[in-house]
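A.B. asks: Structure for this input, please:
(one chain, ligands or ions: 1)
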Amino acid sequence: MKIFLVVIFFVVIFSQSCKNQTTDPSSPNTLSLDQKVDSVLALMTLDEKIGQMTQVDRSFLEKEEDIKNYFLGSLLSGGGSSPSNNSPAGWADMYDRYQSFALQTRLKIPLLYGIDAVHGHNNVKGAVIFPHNIGMGATNNPSLVEEAARITAAEVYGTGIRWTFSPCIAVPRDERWGRTYEGFGEIPEITEAMSEAMVKGYQGNKLDLPGSILACAKHFVGDGGTEGGKDQGDTKINEATLRSIHMKGYISAIKARVKSIMASYNSWNGSKIHGNKYLLTEVLKNELGFKGFLVSDWEAIDQLPGDYKSDIETSINAGIDMVMVPRKYKEFLANLKSLVNDNKVPISRINDAVKRILKVKFELGLFEKPYTDRTFTPLIGSSSHREVARDCVRQSLVLLKNENNSLPISKSLKRIHVAGKNANNLGYQCGGWTISWQGGSGDITTGTTILQAIKNTVSLATNVTYSIDGLGAEGADFGIVVIGETPYAEGNGDRSDLNISQEDLLAIVKMKGAGIPVLTILISGRPMILGQALSISDALISAWLPGTEGQGVADVIFGDYNPTGRLTHSWPRTMGQIPINYGDSNYDPLFPYGFGLSY
Ligand code: GLC
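C.D. replies: I've put the predicted structure just below:
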């Protein structure tokens, strides 16, 4: 009877505090955050608690009512998991519809929707696409990175979504890794600075401010240190190195009050991180004091040894609070419930996980404002946002060679010939995680290609011609060849050979064959083995994966912006030098960490 009265008390208080939320400390309705969380937790059934710990990809919902039927606490859009109407309004309408199902549940606990907005709101057509993190690191400008994150947050907020699985604060130590471009650089210092900046940009001064979204530092821990750069591989290093290289970014993120962290697929000396209680609970939560919630990666718990039920038991007991299932949610729910009933997963672990999740939902203001704030929707892709992204592009470019001061190029030359497969391809310059998971080719969204930017910049009297293979350059005054990688994401980008392709090299050779100065621009998610491409080019710029605002490249090559970008990766001479990192003994890269020329 006593318990019942306590519960009633909280129900009354809780419903009051939701209705007339007051900040007046003298008001009897002011509840502390913990009191609000405890009052909701006290009302929850086991099914409702387990539902909060379950994250499903929208594309795997058997029916949308399952959000209500199974008390799902979170949905996500994996890369490319978009509504058929892939417009800002289409996303906001979809989000609000999903949310409406969550609010039909008994306790009306709002849904928390997550997405990989990792270089802008990159699933959404028309959103501004920023340079990937390797380029943002090369700006060496944390305040610019914070501003870019704030803009991304505003664009995500405009679709209703309140959680991005970003920043990736991997410290990529081996460029053969397909996710090298998702990190800021090869040493912890740049990662610490940018991790703090990005978290502050996304989360703002308060999580419930208009335009603030939940950040997610990922992937804890050691994702960038696997042997041979193998994606989801084994990070074979001692604990001192794991802490000194791969853990410092998390300390910065926690200092910046990050409220979600994603666990990593990789193993540490043979032990899968998703089952490692020492790292996930004793170190991350207890020692480092992480108070937010820990989300698994996509189907990552399935990789643990044993059957699915034992995977759930191991990962939840290790410290995972929310599982990105994201397909077989009914099986997950049933297994976890059975594990709790058999006391294989203590109810105290469930309560801790649910409290962490509820706390963040309260901090986000989701209980008070669960639906899209449509005043932000028109901001998506705005020209003011594009101007900031263009500045990020300018500041990310690294000038590696400029013989005889070939650059900056005059805007009033008679003729400029452009070549290379990456010159006029928006999809290529955006890279992976753009509109689709792996990225694509051509006009995948709104933006400016490098060729278009060149044409926008030169005088009316200047003739700009283009051939993908470099032929036809005779008679031009200057040649620009844009080469590099085609899009990839995650393990699909793992490479054993990072040499410039023959096709790309031939384009430079043919351009140079016309006897004119040649600038080579490299579009890539990492340093590549340049070889002859460097020696036959008069000038060479690493543009990384600049995103939609190709105009920023033109600003640099025509001298409207004096390049300031600096390498955050040591540039290897040959494949044989990889891995090569700042601080190595007998360190002899082609270009050292921190290198970059200016005019
Ligand atoms: C992926 C990635 C992770 C991403 C998640 C959701 O496998 O490892 O970075 O946030 O799944 O798309």
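
A.B. asks: count of neighbours near the nearest residue to residue 52 once chain neighbours are set aside?
C.D. replies: Once flanking residues are discounted, residue 52 sits nearest to residue 73: 3.5 Å by C-beta to C-beta, 6 or more residues apart in numbering. Placement of C-beta: from N, CA and C, glycine included. Residues within reach of residue 73, counting by other C-beta atoms under 10 Å, total 25.

A.B. asks: can you pull the contacts of the closest residue to the ligand within the stretch 201-350 of the chain?
C.D. replies: Closest to the ligand within the stretch 201-350 of the chain is residue 298: 3.6 Å, counting by C-beta to the nearest ligand atom. By C-beta atoms under 8 Å, 6 or more residues apart in numbering, the contact set of residue 298 is 78, 324, 326.

A.B. asks: Could you report the neighbour count for the closest residue to the ligand within the stretch 1-150 of the chain?
C.D. replies: Among the residues of the stretch 1-150 of the chain, residue 78 lies nearest to the ligand; the distance is 4.1 Å by C-beta to the nearest ligand atom. Residues contacting residue 78 under the criterion other C-beta under 10 Å number 18.

A.B. asks: Going forward, the N-terminal residue is numbered 44.
C.D. replies: With the count now opening at 44, the last piece we talked about shows up as residue 121.

A.B. asks: Could you list which residues are in contact with it?
C.D. replies: 100, 102, 159, 341, 369, 480.

A.B. asks: centre of the chain versus stretch 82-89, how much separation?
C.D. replies: 33 Å (C-alpha atoms, centre = their mean, to the nearest Å).

A.B. asks: Next, the buried residues of it.
C.D. replies: 82, 83, 84, 87 (16 or more other C-beta atoms under 10 Å).

A.B. asks: so which of the residues you listed also contact the ligand?
C.D. replies: Among the buried residues of stretch 82-89, no residue lies close to the ligand (C-beta under 6 Å from any ligand atom).

A.B. asks: So which of those residues sit within helices?
C.D. replies: Among the buried residues of stretch 82-89, the members found in helices (DSSP state H) are 82, 83, 84.

A.B. asks: okay, the residues you listed in CSV with pLDDT next?
C.D. replies: Putting these into CSV (pLDDT from 0 to 100) gives the following:
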residue, pLDDT
82, 97
83, 98
84, 98
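
A.B. asks: Next one: the residue in the stretch 444-593 of the chain positioned nearest to the ligand from residue 317, what distance?
C.D. replies: The stretch 444-593 of the chain approaches the ligand most closely through residue 533 (6.0 Å), counting by C-beta to the nearest ligand atom. Counting by C-beta to C-beta, to the nearest Å, the gap from residue 533 to residue 317 is 16 Å.

A.B. asks: How about residue 491?
C.D. replies: Residue 491 sits 41 Å away from residue 317, going by C-beta to C-beta.

A.B. asks: tally of neighbours for residue 546?
C.D. replies: 12.

A.B. asks: can you give me phi and psi for the residue positioned nearest the centre of the chain?
C.D. replies: The centroid of the chain falls nearest to residue 161 when counting by C-alpha atoms, centre = their mean (2.6 Å). When read as degrees, to the nearest 10, the backbone of residue 161 gives phi -110, psi -20.

A.B. asks: mind checking pLDDT for the residue nearest to residue 95?
C.D. replies: In this model, residue 116 is scored at 98, pLDDT.

A.B. asks: Next: residue 557.
C.D. replies: Reported pLDDT for residue 557: 98.

A.B. asks: got the contact list for the closest residue to it other than its chain neighbours?
C.D. replies: Once flanking residues are discounted, residue 557 sits nearest to residue 516: 3.6 Å by C-beta to C-beta, 6+ apart. Listed by C-beta under 8 Å, 6+ apart, the contact partners of residue 516 are 460, 462, 510, 522, 553, 554, 556, 557, 559.

A.B. asks: try 10 Å this time
C.D. replies: Contact partners of residue 516, counting by C-beta atoms under 10 Å, 6 or more residues apart in numbering, are 458-462, 508, 510, 522, 524, 550, 553-559, 561.

A.B. asks: just checking, the residue of the stretch 444-593 of the chain closest to the ligand touches residue 273?
C.D. replies: No: because the distance of 11.4 Å does not satisfy C-beta atoms under 10 Å, residue 533 is recorded as not touching residue 273.

A.B. asks: who has more neighbours, these two?
C.D. replies: residue 533 (19 against 16).

A.B. asks: Dihedrals phi and psi, the residue lying closest to residue 406 once chain neighbours are set aside?
C.D. replies: Leaving aside its sequence neighbours, residue 406 sits nearest to residue 250 (C-beta to C-beta, 6+ apart; 4.4 Å). Dihedral pair for residue 250: phi -70, psi -20, per degrees, to the nearest 10.

A.B. asks: Just give the number of residues close to residue 250.
C.D. replies: By other C-beta under 10 Å, 21 other residues sit near residue 250.

A.B. asks: can you check the one 10 residues further on too?
C.D. replies: One way to gauge burial is a neighbour count; for residue 260, by other C-beta under 10 Å, it gives 26.

A.B. asks: repeat for residue 185
C.D. replies: The number of residues packed near residue 185 is 19, by other C-beta under 10 Å.

A.B. asks: Likewise for residue 115?
C.D. replies: Residues near residue 115, counting by other C-beta under 10 Å: 26.

A.B. asks: can you tell me how far it sits from residue 142?
C.D. replies: Distance from residue 115 to residue 142, by C-beta to C-beta: 11 Å.
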